[in-house]
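Chemist: Turn this into a structure:
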Amino acid sequence: MNNHKLNSVISSSPLGERMPTGQARGSFIDTHTHIDGEEFKDDLDEVIARAKEAGAIQLLCPGINYDSIATMKAVCERFPDFIRPI
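Modeler: Purely as a prediction, here's the structure:
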């Protein structure tokens, strides 16, 4: 799906009507991100800022395995209104 079609789907979605005040209609929820990965540990704040600037209103972070749960939980607790574990 190209960006124009995707934006049309998002803006016509009922979700667009219920977005928090100040959120653009083109906002999105990233339903599968490994933002808790090692590659983000040194610049996580900047990565989160860029995601928000791009229109992300929430990130869902799936666990990889038992050993990764503590890191995922720590990242989710650091950004409780933005990153959720799944």
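
Chemist: Tell me how many other residues crowd M72.
Modeler: Applying other C-beta atoms under 10 Å, we find 20 residues neighbouring M72. C-beta: built from backbone N, CA, C; applies to glycine.

Chemist: contacting residues around the residue sitting nearest the centre point of the chain?
Modeler: Nearest residue to the geometric centre of the chain (C-alpha atoms, centre = their mean): L59, 2.1 Å. For L59, the contact set (C-beta atoms under 8 Å, 6 or more residues apart in numbering) comprises 29-30, 33, 35, 51, 79, 82-84.

Chemist: so where's the longest strand in the protein?
Modeler: Scanning the chain for the strand with the most residues, using DSSP state E, yields strand 56-61.

Chemist: and the next element down the chain from it?
Modeler: helix 69-78 (DSSP states H and E).

Chemist: Packing partners of that next one?
Modeler: With contacts taken as 3 or more C-beta pairs under 8 Å, 6 or more residues apart in numbering; DSSP states H and E, helix 69-78 sits against strand 56-61, strand 83-85.
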